[in-house]
Structures are given as structure tokens and as C-alpha cells.
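**Student:** heads up, no residue letters with this:
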């Protein structure tokens, strides 16, 4: 009996065997006393508190988050609030690699759109303004941290940021001079004001959008996602947000300094991008509407390849809106300083390209013309005017050459059927099963998978908000990046908050799900995280990374991905990284040399799960003031 008892495993409800209770009690008392003495001596030598609510190790601090109560390691919480100037970090117990601060000349460094690098490439078709990234093998990757300009301040909270930005954050006045007549932007003391003007909408973007709304319905939820090519400071996209239309604004990094940077500073979705020789990094059938307002793109040239790319991106039944040359040329030709013959020829060519794409011209009124893509290619195939692409994945769009052949739509059985299935109007489409899933075209993803993922991310977001209470406070975060978005569940869970999310599907992901994300009424892009993102420094207030570092294990250096995260994260911005605990321990060593304050917390399902979460806050620091050598 005794042998049986001593061999049994301990259980909280088990009781000591009575015949040996007295002798065992004495032994237990001695053991307990020795443990207490050892603990007190250890605490005294480490200079720590005599009593600590959480056991800590020298390599990581793990926060246990049982239910709604959060206990913190090191007896302090991460401070997710913005103060413009955070305190220094505690010294690590073990030596870590330090990543120095770059010089102020790198404060707006965009590695893959660097001006000096671009001069090596052809100017034909704007190729030199496409992505051309540093070469790792040649030692061109920076190993330092990009500084914010001196005097940098946290942006105005949304919706105030739509109209205002701090001059210190984007210290460029060029556009206030070049575009003064067009009312893009004004300089007022220590800030910029964005009146909402544009080249073709001097009365403001709101009035211009109202004019479009008289021609097509912008209010019923049928148009949810849009793309603006040559976006300027993205006023069109900024003012569409009040109509529940989410716009991807793109412009190259060109002579008009910081167009995309101004857009992002305003809290408007944007990427550096250009229609040149490569497809834009979006899936086919992504947008309900595309727009160009005097964007200076030569739509009819090169066999209409740029309109062909717009066709690939538009949903069946989607709209293309054009204002500016050559529309209404009979009125504007003198102001545009072009001949009537030249503009008439350009419009004729453009109309022919649109017909070759089987588009229907809906209306041309005043300065605005609108075409509509067909719901399917049922009649287009019968009256073929442009060759259809063969054996080409229309969703493939990372360093993929543009085509002049027509991207085929999914097959239909009749003229009235929408290719690929019709989408529900917003907001119902957010939680409806996306057609790409319901038709079985996304490998391994079913209706049940989708519903389960949506519920999972609602639970996870609730957990995140318990660890970082700033997530539930309107105004603290606006621009959010999800580095491995899968089905867009994290972004979908945030749709009731005043934020927008750039959903990234890595090109190395096992399944291409970016089309699903767009079918939910969300936006995103493809990205290889071994390279830099096509965006400016200090783009995002919060970065979310689910299993990104496991995905890129042995593909590229972990520190390079973290340095890129640091580049595109604002001072006092926050990070949430989900990954295996061993990966997070390595990451913690890296970020400790980057002036991030970090804590590792348990998985939402409890401490027994190997996956943990690393929460971090980037320290506030800037380049030195010109009058000072230090900040």
C-alpha cells in the first residue's frame, strides 16, 4: 500500500498516507525551511523584490494572462500610451548586439525606391521608378535604424489627421508652391492643412466625389474597394472613407516630394507604386472602382498595356473613372497647352483600347468619363478583339511582367451571370463567405475554415486589448500593418474601430489568399519580407506579425526583417508578434539592441501552448536638431 502510494503522481486533492504522516511532516518542514532561505538569499543577491507575482528568467519575461487579470513581469507594465518622449530601457542581463542609429540623411529612406539606385535603370515606361531593391550579397542592406526628423510629433488623431499634419514630420514645402493653385496643401505655421483640392477638382474632393456619385451609386455598398493611380496627396481616397469606400492610393516617388508620405501621415491607405513594366502587387478582380484624375499615365500607349492592367484589377462590373486629358479636351486644350488634333487622337486611341477590353462607356459628363467592365466574358469571347492570356495566373503579381493579353474571367453559363459570383454589398460582404472560398478555388480553405478563422480573431483581438488597453482607445492607432494576414481575420475584427489595416500576404505563403481579403471588402498587398516594403519610414502605428519569423526561417536574416519593421514603425508605435517561444526568445535578443521595450506573454489559450506573444513599444527618439548634437 505504501509502495503504491509513493509511486503515484501528485494530485491537488490527494492526501498523505497517515501511518507515515509524522515522520514525513518533519522532513517536509526541513525542506520548506531550506527552500525559503535559498529563495531569500537569491532575491537579496539579485537586488530584486522579496516577493514577485511572476517567476522570471534571464532570457525573457513571460506575462501570464489568466482570464481578464494580467500580471506583469518585472513588476511593471508596457506603456503603450504616446508621450512623444519615452524613458530609457533597462539594461539587459546579457550582452546583446546594438544596432546604431542611421544619420539624418536617411530619415526618409525607402530602400527599394531609392533615387540614387533608380538612376541605374531605364527611363522607358517609367521602369526606373519601379522597385529596385538593395542587393544583400553586395552588402547594400543597411544595418542601422532610420531616424525620425528632429521635432517629430505623434500625428493628429483621426479624423483630424485627414486635414492636418505636422510640418516637422514631413518637412517638405515643395507641393505648397507647385500645387498652390490646385489647393492640394497649405503651409500654416508648424503644420500643413489639406483643403481637399486637386488638379481636376478645384472645389474640393468632396464636391468632385459628389459629381461622380450622380453618375454611379457610391452609397449602396456595391462599391467598397477602390484604387487611385497617381494619387497626389490622396484626397480622393481620404474623402471616400466617409462613404465607406476603402481606397488604395498609389503614386511613384517622384519630383513631387512625399506625395505618398503625406497620404500616410494623414491616416489614408497608400503605397509607393507606378504603372510601368510590372503588375501592381494586387490580385485580379480586387477593386470595385479604379480612378485617375490627371495622373499623366499614357493609357493608350504601348498597346494599351496600362488599361489592360486596370482591367485585371477590376471586378466584373467594376468602374473606371477618368478625369483630365483627354476628357473634355474641347474646353481645356488651350490650358493643357496641347493641340486639338493631338488630344482628339489620344481620346480615339483610348476609346479603342477600352472597346478591345469589352468595356462599356457609361457616361461622359463635364470633366468626368466612366467606363464599366463587363460582368463576364460571355460575349467578349464571341466578339474577340484582344487575345486572352493562356496558362497565366491572373493573381500572380510579384515582379510579374504586365501583359497585353486579356486576363480571362471565371467561366459562366449565361450572359446575366457574374463571373466568379457576385459579391454582397458592404458591410454584409465582410462576414459572408468569399466566392473564392465557396467555389473551392483556394486550396485547403473551406466555408467552415473561414467561419472558424473569423471567430478566432475576434477572440484574439479581445485578448490583445487586455494586454494593450490602448487598442481599445480611439485615436491611439490609425495605420495598422498585418504582415501575414491569411484571410484578413485580424483586420475584420477591427472594422468597428477608427483604423485601417494593410493586409499583407507574403509571396512565400503556402496559399495565396489576398483575393479572399479583397472579396471581404478589405485591402492589402503582396510582399516578400526579405525585401523592404514600398512605403516611407514611420508609416504604421501598429504592426502585427503572426508566424512571420517561422515562415522566413532560413530564407533571410531575422535582424533584417526586424530592422525593416523598425523603419516603417512610428516612434512610440506598437508591435504584436505571435510565434513559437524559441523564435520569440531569439527575437527578444535582437530587439533589445533596437530600443524597443518588450514583454513576452502567454498564448490566449494558456501557458501550455508553445506559441507565445511578444508585445513591444518602439522608443521615441529622433535625429539631432540642427542646433544640437543630441536630442
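**Tutor:** It's in. Bear in mind that the values here come from a model prediction, so they are computed numbers and not experimental data.

**Student:** Now residue 550. Its backbone dihedrals?
**Tutor:** The phi and psi torsions at residue 550 (degrees, to the nearest 10) take the values phi -70, psi -40.

**Student:** Run a quick neighbour tally on it.
**Tutor:** 14 (other Cβ atoms under 10 Å). All C-beta atoms are positioned from the backbone trio N, CA, C, and that covers glycine.

**Student:** Residue 559 sits in which helix or strand?
**Tutor:** helix 558-568 (DSSP states H and E).

**Student:** which is the next helix or strand following that helix?
**Tutor:** strand 569-580.

**Student:** got the contact list for the helix or strand just after that following strand?
**Tutor:** Next along the chain after strand 569-580, taking DSSP H and E as the criterion, comes helix 581-591. Residues lying outside helix 581-591 but in contact with it, judged by Cβ atoms under 8 Å, 6 or more residues apart in numbering, are 59-60, 96-97, 549-550, 553, 558-559, 562, 577, 579, 598, 600, 610-614, 616.

**Student:** Just the buried residues of these.
**Tutor:** Neighbour counting with 16 or more other Cβ atoms under 10 Å marks 60, 549, 558-559, 562, 577, 579, 598, 600, 611-614, 616 as buried within the contacts of helix 581-591.

**Student:** Farthest-apart pair in those, please.
**Tutor:** 559 and 611 (21.6 Å; Cβ to Cβ).

**Student:** wait, what's in contact with residue 419?
**Tutor:** 316, 375, 376, 377, 409, 410, 411, 412.

**Student:** start to end distance for stretch 407-417?
**Tutor:** Distance between the boundary residues of stretch 407-417 (Cα to Cα, to the nearest Å) amounts to 18 Å.

**Student:** Can you give the distance from that stretch to the centre of its chain?
**Tutor:** 32 Å (Cα atoms, centre = their mean, to the nearest Å).

**Student:** Of all the residues in it, which ones are buried?
**Tutor:** Across stretch 407-417, burial judged by 16+ other Cβ under 10 Å covers 407, 408, 409, 410, 412, 417.

**Student:** Look up how far residue 413 lies from the first one.
**Tutor:** Noted for residue 407: a distance of 20 Å to residue 413, by Cβ to Cβ, to the nearest Å.

**Student:** The stretch 151-300 of the chain: helices as residue ranges?
**Tutor:** 174-178, 205-213, 235-240, 259-265 (DSSP state H, counting those that start in this stretch).

**Student:** Can you check which of those helices gets nearest to residue 370?
**Tutor:** Among these, helix 205-213 comes nearest to residue 370, with 7.6 Å by Cβ to Cβ.

**Student:** most centrally placed residue in this structure?
**Tutor:** Residue closest to the mean C-alpha point of the chain, counted by Cα atoms, centre = their mean, is residue 502 at 2.5 Å.

**Student:** Excluding chain neighbours, give the residue nearest to that one in space.
**Tutor:** Excluding its sequence neighbours, the residue lying closest to residue 502 (Cβ to Cβ, 6 or more residues apart in numbering) is residue 481, at 5.0 Å.

**Student:** Check residue 118 too.
**Tutor:** Nearest in space to residue 118, with sequence neighbours left out and distances taken as Cβ to Cβ, 6+ apart, is residue 128 at 4.5 Å.

**Student:** Any idea how many residues pack against that neighbour?
**Tutor:** 18.

**Student:** From here on, call the first residue 41.
**Tutor:** That works, and once the first residue is 41, the last one we named lands at residue 168.

**Student:** my guess is it meets residue 156, correct?
**Tutor:** No - with contact defined as Cβ atoms under 8 Å, residue 168 does not count as touching residue 156 (11.2 Å).

**Student:** Now do the phi/psi pair for residue 404.
**Tutor:** phi -130, psi 110.

**Student:** show me what contacts it?
**Tutor:** When contacts are counted by Cβ under 8 Å, 6+ apart, residue 404 touches 367, 368, 410.

**Student:** got a markdown table for the contacts of residue 459, with distance to residue 118 and secondary structure too?
**Tutor:** Below are the contacts of residue 459 laid out as a markdown table (distance: Cβ to Cβ, whole Å; DSSP: H, G, I helix; E, B strand; the rest coil):
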| residue | distance to residue 118 | secondary structure |
| --- | --- | --- |
| 356 | 47 | strand |
| 415 | 51 | coil |
| 416 | 52 | coil |
| 417 | 53 | coil |
| 449 | 49 | coil |
| 450 | 47 | coil |
| 451 | 53 | coil |
| 452 | 53 | coil |
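
**Student:** ok, the closest residue to residue 474 other than its chain neighbours to residue 472 distance?
**Tutor:** Take residue 474 and drop its neighbours on the chain: the residue closest to it by Cβ to Cβ, 6+ apart is residue 559, 3.7 Å away. Distance, residue 559 to residue 472, using Cβ to Cβ: 9 Å.

**Student:** Those two: which is more packed in?
**Tutor:** residue 559 (28 against 16).

**Student:** For that one, give me the pLDDT.
**Tutor:** pLDDT, residue 559: 98.

**Student:** now the one 3 residues further on
**Tutor:** In this prediction, residue 562 carries a pLDDT score of 98.

**Student:** In this protein, where is pLDDT below threshold?
**Tutor:** 41-117, 124-135, 215-222, 295-297, 424, 668-671 (pLDDT under 70).

**Student:** Now do the phi/psi pair for the residue nearest to residue 474.
**Tutor:** Backbone torsions of residue 559, given as degrees, to the nearest 10, read phi -70, psi -20.

**Student:** circling back: can you work out which residues contact both of residue 559 and residue 472?
**Tutor:** By Cβ under 8 Å, 6+ apart, the residues touching both residue 559 and residue 472 are residue 463.

**Student:** returning to that earlier point: would CSV of the helices of the stretch 191-340 of the chain with distance to residue 384 and mean neighbour count be doable?
**Tutor:** CSV is the format used below for these (distance: least, Cβ to Cβ, whole Å; neighbours: other Cβ atoms under 10 Å):
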stretch, distance to residue 384, mean neighbour count
helix 214-218, 29, 15
helix 245-253, 24, 18
helix 275-280, 27, 26
helix 299-305, 31, 27
